[in-house]
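# Here you go, sequence then predicted model.
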Amino acid sequence: MPEGNDVGSGYDALADGVVVADRDGTVVVINQAARRILGDAEGLVGQPLTKALPLVDPQGRDWWECTRPFDGLASRVRQPERLLTLSRPGAEDQTLLVTAAYNRDPHRNITSVVVSLRDTVARSRSERSGAELVSVVAHELRSPLTSVKGFTATLLAKWERFNDEQKLHMLQTVNSDADRLTRLISELLDVSRIETGRLELRKQVVDLPTLIERDVNGRVAAGESPQRFQVEIGSELPEMWADPDKLGQVIGNVVENSLRHGAGTVSISVTAAGDGAVVTVVDQGEGIAPAALPRIFTKFWRDTRRGGTGLGLFIAKGIIEAHGGTIEAGQADSGGAMISFTLPAGTPTYLEG
Ligand SMILES: Nc1ncnc2c1ncn2[C@@H]1O[C@H](COP(=O)(O)OP(=O)(O)OP(=O)(O)O)[C@@H](O)[C@H]1O
Ligand SMILES: [Mg+2]
């Protein structure tokens, strides 16, 4: 056979489906991507190419009859990409993007035909979500940037017309918008690390109560009333190994959500559970609508009334799951929102996830 197994394994590295036929038109290689597209493709090796891939063009014509790879024009080396239907008896029709390349010997006789297949459904799905992501991200970045640009341009053009207090106010706005941009960009980087499984955990012994106190103290120092927080620490918490910065990020977002989206007192409790701990945050606001509950951990999902990017809980879930824990949302008895996450005691590994 002109195409050996080693060639097959080379094709396995390709994202496109590849089916190779020898000089007689017999299928000799089906790579992994092609097997995914074709489903059960084991029996196709050894079959005639035209039977293994019954391709039909949009006019309903047999594509092989039209292209005649083995006895058509002897100078032809490839077929341009076309959208074709794979129509196999007993299987659902599939729309595929198909190209073919013909390898010829010096006498122009075919030595092999390489057909490449692309699943158009999968491709348009991933392109769509990519385009959506770009549009959401561009929109999120634009509003703080517009304000930074607007205030700096105004200050540069009319510096003498403003008094110190007005200038200070404008610069403070620019400063906080720049902070927002920085935060947004680091959140986007977290999202991409979570989605590609590259979230790095730097585990060390963490004291959950200290992390929680630090978050609450920071908020009180920034002007929040201490009366809004109620912290309850259970006894006998085990020694926990986790990434303190990342857990701080989770606690920060969940508490921030209670302050921003909820109302009243924010109660935070830590109790021992299993070999680890459970952290529960409850507030006295309106709670999360039951219809929204399944969606709040989704990227960019948010309640449009109160700002936010809708990344906080997606990232929180990614971080907790990377630690081997789980996170869930529900309704507190008081009617407010309840977010609760478990965290196993963990082991001292420095890179994971
Ligand atoms: N305590 C809460 N009470 C009511 N609704 C909440 C609460 N926590 C979260 N939500 C809802 O869940 C949505 C998603 O929360 P998430 O933290 O992911 O995003 P965000 O807070 O809107 O934006 P970000 O955290 O990225 O700044 C919120 O927009 C809000 O509608
Ligand atoms: Mg949030």
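It's in. Bear in mind the structure is a predicted one, so any value in this text is a computation, not a measurement. Ligands and ions are numbered 1, 2, ... in the order given.
# By mean pLDDT, point me to the weakest helix or strand of this protein.
Taking mean pLDDT, DSSP states H and E as the measure, the chain has helix 5-12 as its least confident helix or strand, at a mean of 60.
# Which helix or which strand is home to the residue in the stretch 51-200 of the chain that ligand 1 sits nearest to?
When distances are taken as Cβ to the nearest ligand atom, the stretch 51-200 of the chain reaches nearest to ligand 1 at residue 187, 6.4 Å away. All C-beta atoms are positioned from the backbone trio N, CA, C, and that covers glycine. Using DSSP states H and E, the element containing residue 187 is helix 164-195.
# buried residues in that helix?
Across helix 164-195, burial judged by 16 or more other Cβ atoms under 10 Å covers 170, 174, 177, 180, 181, 184, 187, 188, 190, 191, 193, 194.
# again, but for stretch 276-295
By neighbour count on 16+ other Cβ under 10 Å, the buried set for stretch 276-295 is 276, 277, 278, 279, 280, 281, 282, 283, 284, 285, 287, 288.
# Can you classify the third one by secondary structure?
This points to residue 278. Recorded secondary structure, residue 278: strand (DSSP: H, G, I helix; E, B strand; the rest coil).
# Check what pLDDT the closest residue to residue 184 other than its chain neighbours gets.
Leaving aside its chain neighbours, residue 184 sits nearest to residue 140 (5.9 Å; criterion: Cβ to Cβ, 6 or more residues apart in numbering). On pLDDT, residue 140 comes in at 81.
# Close to ligand 2: what parts of the stretch 151-300 of the chain are there?
Counting by Cβ under 5 Å from the ion, the positions of the stretch 151-300 of the chain adjacent to ligand 2 are 253, 257.
# Correct me if wrong: residue 193 contacts residue 201.
No. Using Cβ atoms under 8 Å, residue 193 and residue 201 do not qualify as a contacting pair, with a distance of 10.8 Å.
# May I see the buried residues of stretch 276-295 arranged in a markdown table, with pLDDT as well?
Below are the buried residues of stretch 276-295 laid out as a markdown table (pLDDT from 0 to 100):
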| residue | pLDDT |
| --- | --- |
| 276 | 94 |
| 277 | 96 |
| 278 | 97 |
| 279 | 98 |
| 280 | 97 |
| 281 | 98 |
| 282 | 97 |
| 283 | 97 |
| 284 | 96 |
| 285 | 94 |
| 287 | 93 |
| 288 | 92 |
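# filter those residues by proximity to ligand 1?
Applying Cβ under 6 Å from any ligand atom to those, one finds that 283, 285, 288 fall near ligand 1.
# Which one of those is nearest to residue 348?
Nearest to residue 348 among these, counting by Cβ to Cβ, is residue 283 at 34.4 Å.
# mind checking how far that closest one is from ligand 2?
Residue 283 sits 13 Å away from ligand 2, going by Cβ to the ion, to the nearest Å.
# I'd say that residue and residue 268 touch.
No. Between residue 283 and residue 268 there is no contact under Cβ under 8 Å: 9.9 Å.
# so residue 338 bridges to which residues?
Applying DSSP bridges to residue 338 yields these beta-bridge partners: residue 282, residue 330.
# Now do the contacts for it.
By Cβ atoms under 8 Å, 6 or more residues apart in numbering, the residues touching residue 338 are 280, 281, 282, 329, 330, 331, 332.
# can we see that at 6 Å?
282, 330, 332 (Cβ atoms under 6 Å, 6 or more residues apart in numbering).
# give me every residue that touches the last one.
So that's residue 332. For residue 332, the contacting residues are 282, 338, by Cβ under 6 Å, 6+ apart.
# ok, now how distant is it from ligand 2?
Counting by Cβ to the ion - residue 332 and ligand 2 are separated by 17 Å.
# Going by neighbour count, list what's buried in the helix or strand containing residue 151.
Take DSSP H and E as the rule and residue 151 turns out to sit in helix 120-158. Neighbour counts over helix 120-158 (16+ other Cβ under 10 Å) mark 137, 140, 144, 147, 148, 151, 155 as buried.
# For the residues you listed, which two are the farthest from each other?
Greatest spatial distance among the buried residues of helix 120-158 (Cβ to Cβ): 137 and 155, at 27.8 Å.
# tell me the angle the helix holding residue 151 makes with helix 164-195.
Orientation check (axes from the mean of the first three to the mean of the last three Cα atoms, to 10 degrees): helix 120-158 against helix 164-195 gives 160 degrees.
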